[in-house]
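> using only what follows, build the 3D model:
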Amino acid sequence: MPERPGDIVLSCEGVVKRFGDQTVLRSVDLQVAEHQVVTLIGASGSGKSSLLRCINLLETVDDGVIRLDGEDITDPRIDADTVRRRIGVVFQAYNLFPHMSVLDNVTLAPRLVGKVAREQAEDRARTLLERVGLADKAQEYPDRLSGGQQQRVAIVRALANEPRLLLLDEVTSALDPELVGEVLSLVRELKEQGMTIVMATHEMSFARQAADRVVFLDAGVVLEEGPPEQVLADPVQPRTRQFLARILEAGRL
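Numbers count the residues shown, from 1 in each chain. This is a model prediction of the structure:
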């Protein structure tokens, strides 16, 4: 099926996830259109990371359906590895291989999983590293990079397979405050280039400036969603107002 601008890239319909007796996602509905940036906000334990892990098939859903470009990727007959090649994911821990150079970290998946020739994979990797200001770090090892540089490499690695959808899970949480800006600047650039992104974040200023929609999760429920100017500045739900007041007190709004 051809992809058209504005097509729904990701659709979550009534997604339920349980860990034992604990229900962490309660009938979550979410739609993300092509080129949109949707930010997930909410307290720790609200279900943001669990939702992203379900979308990337790192966790199986207990009920509901997740569709990628209209295809039911929660069908048990689906090849999860094939789906994951269409979804880039970056977690707050960089998860770079310490014994590999930056270039080898970025090209590993395209070469081994995507069966891309080494020269082609390295050409694309160098182009991506150039875009994020790390072309001169291609032969460095991760422990010689700052946290912000390592996180940018992790994002480049997620982009190396040219994913249809990019999932970012609190990618600034492990960074010193002065390094947060450089990673968020890269995410803004990806938005401007038309990447479709779902991002869990505590950075409300980023959500206000860069998101097309903000989704507030509370105890596994989508309690409120809408444009950032509505959800962040004039929320309808008392629980949303309470959460944002705490964020404001912490100086992150």
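
> which positions in stretch 30-39 come out as buried?
With burial defined by 16 or more other CB atoms under 10 Å, the residues of stretch 30-39 counted as buried are L30, V32, A33, E34, H35, Q36, V37, V38, T39. No exception for glycine: its C-beta is placed from N, CA and C like everyone else's.

> which of those fall in strands?
Cross-referencing these with the strands (criterion: DSSP state E) gives L30, V32, A33, V37, V38, T39 as the overlap.

> related to what we said a few turns ago, now pLDDT and distance to F19 too, for the buried residues of stretch 30-39, in JSON lines please.
Output for these, formatted as JSON lines (pLDDT from 0 to 100; distance: CB to CB, whole Å):
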{"residue": "L30", "pLDDT": "97", "distance to F19": "20"}
{"residue": "V32", "pLDDT": "97", "distance to F19": "25"}
{"residue": "A33", "pLDDT": "96", "distance to F19": "30"}
{"residue": "E34", "pLDDT": "95", "distance to F19": "32"}
{"residue": "H35", "pLDDT": "94", "distance to F19": "33"}
{"residue": "Q36", "pLDDT": "95", "distance to F19": "29"}
{"residue": "V37", "pLDDT": "96", "distance to F19": "29"}
{"residue": "V38", "pLDDT": "97", "distance to F19": "24"}
{"residue": "T39", "pLDDT": "97", "distance to F19": "24"}
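
> distance to D7 added to these, as TSV?
Supplementary listing: these in TSV, determined by distance: CB to CB, whole Å:
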residue	distance to D7
L30	15
V32	10
A33	7
E34	5
H35	10
Q36	11
V37	16
V38	15
T39	20
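
> which one of those sits closest to Q22?
Distance from Q22 was checked for each of those by CB to CB. The minimum falls on L30, at 20.6 Å.

> what are the contacting residues of stretch 133-151?
Contact partners of stretch 133-151, identified using CB atoms under 8 Å, 6 or more residues apart in numbering, comprise 90, 94, 96-103, 105, 125-126, 129, 152-153, 156, 171-172, 174-176, 179-180, 182-183.

> which parts of the stretch 51-200 of the chain are strands?
Counting by DSSP state E, counting those that start in this stretch, residue ranges of the strands within the stretch 51-200 of the chain are 63-68, 71-72, 87-90, 165-169, 197-200.

> didn't L223 look like it was pressed against P238?
No - taking CB atoms under 8 Å as the definition, L223 is not a contact partner of P238, at 9.8 Å.
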